[in-house]
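**Q** below is the structure, and that's it, no one-letter string:
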């Protein structure tokens, strides 16, 4: 005898997937700080020793800030999608769980790239991680669109705007991957252009 | 004088147990990434050194992905049960808390089996952990069924389907335990058959 | 000019304090697993080496299970109190925050007592931690009672029952402290009597 | 074609930003305990050795309690602001995300200052961290005020009171920075005066 669970699959809310996602982001963002090393100065630290430490620290703090804000923007993008997505089914939940797998990998990728940033293979690893995360936003939105999981009142213009915004991260990641083959060190700077790409895609020029 | 708290035990919601469960899963899933080691290459890494590291890394990433998706599927199963379970009492909460004890052990089990995977005892430890988690799903559902904690409108067919689906994980774990005595290394591959077992149990052939 | 925020203090809900508490418990409970060490067997492990490791592991697993269930019962007790407490003010929130300070200390206390369990001072430290947590339950409930923060329909019998149940943990901790001066090693076994004490206090014999 | 998302920006709730903030605080507060070291006494510890450890531990516990309560008061202040703020837009969310970046840094700052507390540069680092967190409360409230994101019924007196309360942390941090140039060691004691400053600012004397 075969029985399906149609109701379950149709009107399941998105509350718990949001709680899980928020939890994973909160932990990943807070754990980043653990990678900042304390100074290892035996005895009383001189001013010079402390300055040298703080100069080295400033680089670590930039990496921390960069990784934190990267994760924050991923969270924000998920937040935005689920502002419109109000129902879910098994497939949508699994899309989000697999997406989380790559998000939870970001602290490792960021750490990897920090220590071996001038190396092409390390930078490729990081950028491919970004690309996969970006592709999952497209998959998530497209699936929710096809299954009509959106909140009522989402206009076609808003839908089309979201679709274009979803292209920004994969587009940036592909550019970053391209730069990797020219100069690995400059590759992460591509992500600083995200807000520019965003306003371009918003206007629909591309 | 003896006073009971009958109301308390009857109409308590499941909100906070869900928040706690979501928190434990979010942490367990995010902590998995900490077990992936960074390369330890002194000085500038050559391409060959980095390739060798990435080849070793690929194995670590499979273990990470395997453990992450295993936890994700446990979360999904819990999510599904509590889609139908809408009330709780002390006993149900304790069933879930003890189940959490074995879930929070999964990062250790997975790590153990990664490092000593070809060893029968390590693999038995992992599979028994899986078996216990699976049995708790049955206990949880059976108890909620007996106490009528389900959402209104759950049909007998859906109830019976859930009961059969609850058998999949213990069934797979027992098979995996059996394989342990033949070839420990191949034992975890039993879990890759879960989706096949699922569709078999769904159809009620067994 | 002095302005107070009376409304704020009166009808503030307890939602966010519950979220924070659930988060702290989820993390504390999941972090316990990090204190279980993997075997350090160089080369291929023999059956004998693995057995010896598993025998040692069994002790670690008991400590893990003990600490986990202790935290779970603290969470459960908080859950129970806030089933009845439906409003909050600044003072109640601070009572809970300071209580959390001692709850977040439990993984350390448990670890301390595991490594130096036969030592009186270590055991005293652990038991005093338990005593303080227990006292905060009394303070929390008494304050909420005085400020009428309870859900409507809480009968005097239920209130009085909760008051007696709040005495169980401090009572057990004081007994455990007493045992510390006779035989530190047996002191934690006092906590195994909690369920017996609970039914005694429930009946109001003491 | 340019399309904006006006509705989105106007009536978005604050629920998920609260969940993320609660998560980050729960983790940061719980991770503090990991910085308390266990005694490293080989063999059986004598009473004297244990006493010496506990004397050293008491200092670590004060740092733990200080950092925990500092984070707790930051959480409380955020809780209080979002009791009144009921809507959000992209800018408000980003204000909170960047504020979180500096909050998640507190375990590092506190640890830094614990190990190098008598050093001016370490203390400056800590105090500047506090100052930035404090400034973000002002930015958050001012922005929400300008955009009319408050709950209905917030009187001008309450609004003005909150504005004055938001000045307490930056004011204290600036005093602490000043003390750093006289005697770094005494600089953190400025934060113990927060409750006095609070009642002064509440009365609007300044």
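**A** Here it is on my side, so go on. Here the structure is a predicted model, which means the values were calculated and not measured.

**Q** what residues does chain A put near chain D?
**A** Within chain A, the positions near chain D by Cβ under 8 Å from any Cβ of the partner chain are A:18-19, A:22-23, A:25-27, A:29-34, A:36, A:38-39, A:41, A:45, A:47, A:50-51, A:54, A:64-65, A:68-69, A:72, A:75-76, A:79-80, A:83, A:153, A:157-158, A:160-161, A:202-204. Every C-beta, even on glycine, is put in place using the N, C-alpha and C of the backbone.

**Q** quick one: buried ones out of the residues you listed?
**A** Buried members of the residues of chain A next to chain D, scored by 16 or more other Cβ atoms under 10 Å in any protein chain shown, are A:18-19, A:22-23, A:25-27, A:29-33, A:36, A:39, A:45, A:50, A:64, A:68-69, A:72, A:75-76, A:79-80, A:83, A:158, A:161, A:202.

**Q** in strands, which of the residues you listed appear?
**A** Among these, no residue falls in strands (DSSP state E).

**Q** residue A:13: neighbour count?
**A** 11 (other Cβ atoms under 10 Å in any protein chain shown).

**Q** what do you get for residue A:100?
**A** Other residues lying near residue A:100 total 25 when counted by other Cβ under 10 Å.

**Q** same question, residue A:171
**A** Number of residues near residue A:171 (other Cβ under 10 Å) recorded here: 19.

**Q** isn't it up against residue A:197?
**A** Yes: the criterion here is Cβ atoms under 8 Å, and residue A:171 meets it with residue A:197 at 6.2 Å.

**Q** any residues in contact with both of those two?
**A** The contact sets of residue A:171 and residue A:197 do not overlap (Cβ atoms under 8 Å, 6 or more residues apart in numbering or on different chains).

**Q** name the residues that touch stretch A:27-43?
**A** Contacts of stretch A:27-43 (Cβ under 8 Å, 6+ apart): A:45, A:49-50, A:53, A:57, A:60-61, A:63-64, A:67-68, A:71-72, A:103-104, A:106-107, A:110-111, A:114, B:26-27, B:30-31, B:34, C:27, D:23-24, D:27-28, D:31, D:100, D:104-105, D:107-108, D:111-112, D:115-116.

**Q** how about stretch A:92-100?
**A** Stretch A:92-100 is contacted from outside by A:17, A:20-21, A:24, A:85, A:133, A:136-137, A:139-140, A:143-144, A:147, A:149, B:29, B:68-69, B:72, B:75-76, B:79, using Cβ under 8 Å, 6+ apart.

**Q** okay, and for chain A, where does confidence drop off?
**A** Of all residues in chain A, those with pLDDT under 70 make up the ranges A:1-12, A:42-43, A:204-206.

**Q** can you point me to the longest helix in it?
**A** helix A:47-84 (DSSP state H).

**Q** so how far is it off the chain centroid?
**A** In terms of Cα atoms, centre = their mean, to the nearest Å, the centre of helix A:47-84 is found 13 Å from the chain centre.

**Q** one more: stretch A:113-120?
**A** With Cα atoms, centre = their mean, you get 19 Å for stretch A:113-120.

**Q** picking that back up, and the longest helix of chain A, what does it pack against?
**A** The contact analysis (3 or more Cβ pairs under 8 Å, 6 or more residues apart in numbering or on different chains; DSSP states H and E) places helix A:47-84 against helix A:15-31, helix A:106-115, helix A:120-146, helix A:156-165, helix D:90-103, helix D:120-146.

**Q** mind checking which of these is nearest residue C:167?
**A** Comparing the helices and strands packed on helix A:47-84 by their distance to residue C:167 (Cβ to Cβ), the top pick is helix A:15-31, with 34.6 Å.

**Q** compute the inter-axis angle for the closest one and helix D:106-115.
**A** Put simply, helix A:15-31 runs at 30 degrees to helix D:106-115, going by axes from the mean of the first three to the mean of the last three Cα atoms, to 10 degrees.

**Q** do you know how far residue A:69 is from chain B?
**A** 18 Å (Cβ to the nearest Cβ, to the nearest Å).

**Q** got a list of what the residue lying closest to residue A:120 once chain neighbours are set aside touches?
**A** Residue nearest to residue A:120 in three dimensions, not counting chain neighbours: residue A:184, with 4.7 Å by Cβ to Cβ, 6 or more residues apart in numbering or on different chains. Contacts for residue A:184 (Cβ under 8 Å, 6+ apart) come out as A:117, A:118, A:119, A:120, A:122, A:123.

**Q** hang on, the fourth one packs against residue A:181?
**A** Yes: counting by Cβ under 8 Å, a contact exists between residue A:120 and residue A:181, whose distance comes to 7.3 Å.

**Q** compare the two (neighbour count), which wins?
**A** Between residue A:120 and residue A:181, counted using other Cβ under 10 Å, the more crowded position is residue A:120 (17 against 11).

**Q** which residues does stretch A:133-146 contact?
**A** Contacts of stretch A:133-146 (Cβ under 8 Å, 6+ apart): A:74, A:77-78, A:81, A:84-85, A:91-92, A:95-96, A:98-99, A:102-103, A:106, A:150, A:159, A:162-163, A:166-173.

**Q** actually, stretch A:57-72.
**A** Applying Cβ under 8 Å, 6+ apart, the external contacts of stretch A:57-72 come out as A:25, A:28-29, A:32-33, A:35-37, A:39, A:103, A:106-107, A:110, A:114, A:188, A:191, D:94, D:97-98, D:100-101, D:104-105.

**Q** please redo it, this time with the cut-off set to 7 Å
**A** Outside stretch A:57-72, the residues within contact range by Cβ atoms under 7 Å, 6 or more residues apart in numbering or on different chains are A:25, A:28-29, A:32-33, A:36, A:106-107, A:110, A:114, A:191, D:97, D:101.

**Q** can you name the residue of chain A nearest to chain B?
**A** Here the residue of chain A nearest chain B is residue A:23; by Cβ to the nearest Cβ that distance is 2.7 Å.

**Q** dump the residue contacts of that residue.
**A** Contacts of residue A:23 (Cβ under 7 Å, 6+ apart): B:22, B:23, B:26, D:23.

**Q** against chain D, how distant is residue A:121?
**A** The value you get for residue A:121 to chain D, if Cβ to the nearest Cβ is used, is 29 Å.

**Q** for residue A:188, same thing?
**A** Between residue A:188 and chain D the distance is 18 Å, computed by Cβ to the nearest Cβ.

**Q** what of residue A:183?
**A** On the measure of Cβ to the nearest Cβ, residue A:183 and chain D end up 28 Å apart.

**Q** tally up the residues packed near that residue, please.
**A** 12.

**Q** before we move on, what about residue A:62?
**A** For residue A:62, using other Cβ under 10 Å, the count is 11.

**Q** give me the most central residue, chain A.
**A** In chain A, the centroid-proximal residue (Cα atoms, centre = their mean) is residue A:74; its distance is 3.6 Å.

**Q** which residues touch that one?
**A** Counting by Cβ under 7 Å, 6+ apart, residue A:74 touches A:103, A:133.

**Q** again, only this time at 8 Å
**A** Taking Cβ under 8 Å, 6+ apart, one finds A:25, A:103, A:106, A:133 in contact with residue A:74.
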